[in-house]
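Engineer: Build me a model from this:
(one chain, ligands or ions: 1)
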Amino acid sequence: MAKGDDAAKAFTEKQFDYLVIGGGTAGLVVAARLSERQDLNVGVLEAGHAIPDDTPAVSVPGRWGEGIGTGYDWQFETTSQKQLGGRKLAWPRGKALGGSAALNFMIWNRPSRDDLDAWERLGCKGWGWNDMLHYYKKSEMFVEPNDKAKLEHTIHYDREAHGTSGPVTVSFNKEHSVPHQYWHKTLENLGVATNKMHMSGSNTGAWTSMVAVNPQTATREYSATSYYKPVRDRKNLTVLTGAIVRDVVLEKSEGEWIAQGVRFEHDGSEYIAHASKEVVLSAGSIKSPQILELSGIGNPAILEKAGAQTKVVNKNVGENLQDHLMTATIYDIDPSVPTLDDLRVDPKLAAAADEEYKTRLTGPRTLLSCSMAYIPLSTLVPEAGISTLTSHLSTPTDLLSKAIASRLEPSANGGHVEYIFDVGNWNPFTPVQPGKKYATLLQILQYPFSRGSIHINPAAPHEAPIIDPRYYEDEGQIDREVQLHAAEFGQKILEAEPLKSFVKERVWPPKGVNNREWNEWIVGNTTTDWHPVATCAMGGKEGKEGGGGGVVDERLRVYGVKGLRVVDASIMPLQISAHLQATVYAIGEKGADVILEDAGA
Ligand SMILES: Cc1cc2nc3c(=O)[nH]c(=O)nc-3n(C[C@H](O)[C@H](O)[C@H](O)COP(=O)(O)OP(=O)(O)OC[C@H]3O[C@@H](n4cnc5c(N)ncnc54)[C@H](O)[C@@H]3O)c2cc1C
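Structural biologist: Predicted coordinates for the structure are as follows:
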């Protein structure tokens with residue numbers, strides 16, 4: 001990897017076939033796969049820097065969350081959210097080689113078959129479950145647990161559904177926190193069965209989650225370690241870090257805009273690098289739409305306000321933003337139960353945990369939350385309640401609105417809400433008391449009706465964009481209603497044995513709140529699960545066959561420009577019921593394949 005201004009100059013002097021903007025989760029997949037072809041020269045421009053291997057805040061699994069707020073985080077925030085009492089939410093995003101996969105919480109899962117088949121129904125041919133399974137497997141190297149671990153931690157999986165020779169090593173936790181032993185039985189007692197094939201096309205039910213952790217080294221797997229590190233010496237792959245891309249250089253030839261290269265800033269100077277074949281935009285759901293707008297692709301009304309020339313009109317750029325909304329209810333537990341909170345307040349315990357990790361690769365520093373359940377709406381809401389929700393909606397007219405509305409249909413059986421349970425207090429608003437210990441139940445809305453936008457800031461187009469997810473501003477406020485039902489079901493979980501005996505009582509929101517107070521609590525406590533998608537969505541172009549909400553077509557080509565694609569989380573047209581990273585890696589894999597196919601390679 002090159003360093004310094006000489007490096008920037010040298011980068012611009014190279015003859016690249018492909019330039020990738022953003023060396024994040026998807027970007028490094030694309031770069032690694034394209035550069036497998038020795039006759040192709042690939043360049044990557046990444047705004048952040050490489051994270052040294054000995055950076056515990058990133059590499060050590062049990063230190064999850066510690067990379068947030070550091071120099072490896074863009075530290076974005078939303079606009080003031082009307083339906084969240086005017087609060088602005090922090091939106092961390094990875095600013096480093098490896099991108100947000102370097103900051104994330106390492107959960108590794110997949111959506112259900114219908115989530116991807118719904119993309120196909122929107123006109124995105126080739127993106128249904130059957131096609132995508134190949135790419136999920138291609139990215140994975142699954143390390144099976146031993147029989148003892150399977151039995152002790154209720155671990156189930158379908159061997160056939162996993163890849164065993166891909167770059168990202170994935171595994172199950174070797175150890176689990178105390179209450180995991182109660183999780184499956186508790187859900188079973190509520191009629192929610194354990195799903196033994198949770199990665200094979202239906203993720204509903206309860207299960208023990210996989211993680212993006214290499215069990216041999218007990219360290220985080222992310223695209224910098226798994227895709228880039230093994231191939232970084234390739235002569236035809238050049239990565240420039242600390243390079244902030246400003247825009248894609250477009251030139252008009254015979255009435256057609258063509259991506260010629262990329263303008264970027266490095267150590268305060270501006271440079272242009274050229275790509276003879278294509279520019280691939282992989283800057284993530286927040287920055288990819290911003291870079292398109294800065295390049296003159298977007299809604300003229302927005303571009304004009306920022307003083308940018310419109311080259312390609314596409315009003316979908318930056319629109320359709322869908323995120324997962326999360327609440328965390330908190331329970332009082334026996335103070336003798338060890339939690340990761342202990343390590344944050346007791347330096348001696350933290351030092352002992354560090355020593356155990358260093359010498360044996362075991363103990364609290366290896367712990368990640370894995371007690372998980374995805375629950376369909378029909379389990380959460382009585383039939384009459386679903387009819388009430390449906391009555392709030394006007395008849396959807398476009399394909400995307402229809403797809404979103406279909407999630408209220410009686411036949412819909414995807415996981416509408418995800419639950420994760422673990423010890424520790426994960427709600428920053430909990431009124432904590434000295435000497436007490438806590439457990440958290442997360443309720444995460446998977447199929448939002450709220451849709452927002454991300455656009456350049458007219459006052460400072462090159463600074464952070466304006467992020468407005470419009471949480472709970474959906475028609476009829478269905479999302480908030482579902483969150484309330486989700487919290488009610490969450491309470492049922494904690495009132496079922498054996499978890500009932502493990503927790504003492506709910507402390508946040510306090511026991512006995514009425515409906516109005518629950519609603520107020522949701523307004524004051526909803527946060528993001530950091531899963532924004534769809535700001536450069538795949539789909540039909542306006543006025544053409546298909547969803548009409550598209551920025552890119554099903555081969556990820558930006559409408560109206562030759563030689564420019566987007567390959568990252570922003571291309572998902574419709575939110576999925578799953579954590580995103582496994583799907584983003586699969587998008588990277590498929591993106592690389594279509595690029596090579598289209599090049600005739
Ligand atoms: C705090 C957090 C926790 C999460 N937890 C989980 C989890 O447990 N499991 C899971 O599956 N998913 C999780 N996710 C989601 C998942 O990690 C992301 O959806 C995924 O990594 C996004 O990949 P991407 O390639 O779209 O973008 P990114 O990985 O964010 O990559 C974009 C890259 O582009 C670079 N870039 C941006 N702008 C420019 C520019 N102008 N010039 C040059 N480079 C630029 C960025 O620095 C970054 O490296 C989490 C996300 C966060 C933030």
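Engineer: To what extent is whichever residue of the stretch 51-200 of the chain sits closest to the ligand buried, counted in neighbours?
Structural biologist: Nearest residue of the stretch 51-200 of the chain to the ligand (CB to the nearest ligand atom) works out as residue 99 at 2.4 Å. Heads up, the C-betas are built off the backbone N, CA and C, glycines and all. Applying other CB atoms under 10 Å, we find 33 residues neighbouring residue 99.
Engineer: Next one: it, what pLDDT does it get?
Structural biologist: What the model reports for residue 99 is a pLDDT of 98.
Engineer: Residue 343 now?
Structural biologist: What the model reports as pLDDT for residue 343 is 95.
Engineer: buried ones in the one helix or strand it maps to?
Structural biologist: Using DSSP states H and E, residue 343 falls within helix 340-345. By neighbour count with 16 or more other CB atoms under 10 Å, helix 340-345 contains the buried residues 340, 342-343.
Engineer: what's near enough to touch residue 392?
Structural biologist: Applying CB atoms under 8 Å, 6 or more residues apart in numbering, we find residue 392 in contact with 475-478, 481.
Engineer: from memory residue 276 sits against residue 15, does it?
Structural biologist: Yes - applying CB atoms under 8 Å as the test, residue 276 and residue 15 come out as touching, 6.8 Å apart.
Engineer: Which residue of the two possesses the greater neighbour count?
Structural biologist: residue 276 (14 against 9).
Engineer: Just confirm the more buried one is within a helix.
Structural biologist: No - using DSSP: H, G, I helix; E, B strand; the rest coil, the assignment for residue 276 is strand, not a helix.
Engineer: Can you give me the neighbour number for residue 460?
Structural biologist: Residue 460: 11 neighbours (other CB under 10 Å).
Engineer: which residue packs closest to the residue of the chain found nearest the ligand, ignoring adjacent ones?
Structural biologist: Relative to the ligand, the nearest point of the chain is residue 24 (1.8 Å; CB to the nearest ligand atom). Distances taken as CB to CB, 6 or more residues apart in numbering place residue 99 nearest to residue 24, at 2.1 Å, with adjacent residues excluded.
Engineer: Ok, residue 80 next?
Structural biologist: Once flanking residues are discounted, residue 80 sits nearest to residue 86: 4.9 Å by CB to CB, 6+ apart.
Engineer: Next: residue 524.
Structural biologist: Per CB to CB, 6+ apart, closest to residue 524 is residue 85, 5.9 Å.
Engineer: picking up where we left off before, got the CA positions of the helix holding residue 343 in CSV?
Structural biologist: Coordinates of each C-alpha in helix 340-345 appear next as CSV, following Å, rounded to 0.1, in the frame of the first residue of the first chain:
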residue,chain,number,x,y,z
LEU,A,340,-19.1,-7.1,29.8
ASP,A,341,-20.1,-3.9,31.7
ASP,A,342,-18.0,-5.3,34.5
LEU,A,343,-14.8,-4.9,32.4
ARG,A,344,-15.7,-1.2,31.6
VAL,A,345,-15.8,-0.2,35.3
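Engineer: could you point out which element follows it?
Structural biologist: Helices and strands here follow DSSP H and E; after helix 340-345, the next one along the chain is helix 347-360.
Engineer: List the neighbouring strands of the following helix or strand past that next one plus their orientation.
Structural biologist: For helix 347-360, the following helix or strand on the C-terminal side (DSSP H and E) is strand 371-375. Paired neighbours of strand 371-375 in the sheet (DSSP bridges): strand 205-208 (antiparallel), strand 417-423 (antiparallel).
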